[in-house]
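1. structure, please.
(chains A and B)
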Amino acid sequence: QKEVEQDPGPLSVPEGAIVSLNCTYSNSAFQYFMWYRQYSRKGPELLMYTYSSGNKEDGRFTAQVDKSSKYISLFIRDSQPSDSATYLCAMPNAGKSTFGDGTTLTVKP
Amino acid sequence: EAQVTQNPRYLITVTGKKLTVTCSQNMNHEYMSWYRQDPGLGLRQIYYSMNVEVTDKGDVPEGYKVSRKEKRNFPLILESPSPNQTSLYFCASSRLAGATDTQYFGPGTRLTVL
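-> Numbering: from 1, shown residues only, chains lettered A, B, ... in the order given. Below is the predicted model of the structure:
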């Protein structure tokens, strides 16, 4: 079983929709939770970064962590075509980084 | 411009022919790492380096070597490439040594081993 499992998608939504992207993890040592966005033919870039349970908001993006359930989510409000990308959750621990497989999102105008 | 550079960007080679993919960062970052990305398998860590002369295995180190002789460079070496190493490779760096800081990724190297 993988340490980090990500809802595979792909997801296709209309512009303006609310999007929910999710990951589960099994390693209780994970303390930091990151979401990276990867556009086609590009390297991933950090979108959001949270530490501990709770919510963190940044514009249209909200990252949510539930450590008791080992479950993290990224919500995108008012989704735009420019949000079309692959989203990867990532959990660093003692130098190593474990990534989810990624969810590819397409937002249609 | 702050960046991570990788060379070459594309490479087609044959089984057994040694190759090196270079990675360089100009941000004075402590931490550097190599990943491979394959469809259905996501991004998997090959090796990482917390600082100069310190390297550690990631999840898929078999068939790869790295070195960190200088802070800015972290080359990935394939001594005897095989077709199962055909993949998209990314180098990344971050300011802090624990990988808990933002990782900045290079543009990727697409490697095909025939």
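2. can we go C-alpha only for contacts and neighbour counts from here?
-> Fine.
3. which pLDDT value belongs to whatever residue of chain B ends up closest to chain A?
-> When distances are taken as Cα to the nearest Cα, chain B approaches chain A most closely through B:Gly42, which lies 3.8 Å from it. Residue-level confidence at B:Gly42 comes out at 86, pLDDT.
4. quick one, what contacts it?
-> Under the criterion of Cα atoms under 8 Å, 6 or more residues apart in numbering or on different chains, the contact list for B:Gly42 reads A:Phe99, A:Gly100, A:Asp101, A:Gly102.
5. out of those residues, flag the one nearest to B:Val21.
-> Proximity of the contacts of B:Gly42 to B:Val21 (Cα to Cα) peaks at A:Phe99, which lies at 22.1 Å.
6. quick check: longest strand of chain A.
-> Using DSSP state E to assign secondary structure, the strand with the most residues in chain A is strand A:85-93.
7. circling back to that earlier point, in strands, which of the contacts of B:Gly42 appear?
-> Secondary-structure check on those using DSSP E: residues within strands are A:Phe99.
8. the contacts of B:Gly42 also near chain B: which ones?
-> The subset of the contacts of B:Gly42 lying close to chain B, counting by Cα under 8 Å from any Cα of the partner chain, consists of A:Phe99, A:Gly100, A:Asp101, A:Gly102.
9. pLDDT averaged over the longest strand of chain A, what's the number?
-> Strand A:85-93 shows a mean pLDDT of 94.
10. and that strand, how far out from the chain middle?
-> Between the mean C-alpha location of strand A:85-93 and the chain-wide mean there is a distance of 6 Å, by Cα atoms, centre = their mean, to the nearest Å.
11. tell me what it is packed against?
-> Of the remaining helices and strands, those touching strand A:85-93 by 3 or more Cα pairs under 8 Å, 6 or more residues apart in numbering or on different chains; DSSP states H and E are strand A:32-38, strand A:96-99, strand A:103-108.
12. neighbours of whichever residue of chain A sits closest to chain B, how many?
-> Here chain A gets closest to chain B at one residue, A:Asp101, 3.8 Å apart by Cα to the nearest Cα. Here the number of neighbours of A:Asp101 (other Cα atoms under 10 Å in any protein chain shown) works out to 25.
13. beta partners of the spatially closest residue to it that is not a sequence neighbour?
-> Nearest residue to A:Asp101, sequence neighbours excluded (Cα to Cα, 6 or more residues apart in numbering or on different chains): B:Gly42, at 3.8 Å. With DSSP bridges as the criterion, B:Gly42 is bridged to B:Asp38.
14. for B:Tyr104, same thing?
-> In this structure, B:Tyr104 has beta-bridge partners B:Ser93, where bridges are defined by DSSP bridges.
15. just checking, it touches B:Val4?
-> Yes: the pair B:Tyr104 and B:Val4 passes the contact test of Cα atoms under 8 Å, sitting 7.0 Å apart.
16. shared neighbours of those two, anything?
-> Counting by Cα under 8 Å, 6+ apart, the contacts common to B:Tyr104 and B:Val4 are B:Ala92, B:Ser93.
17. noted, bye for now.
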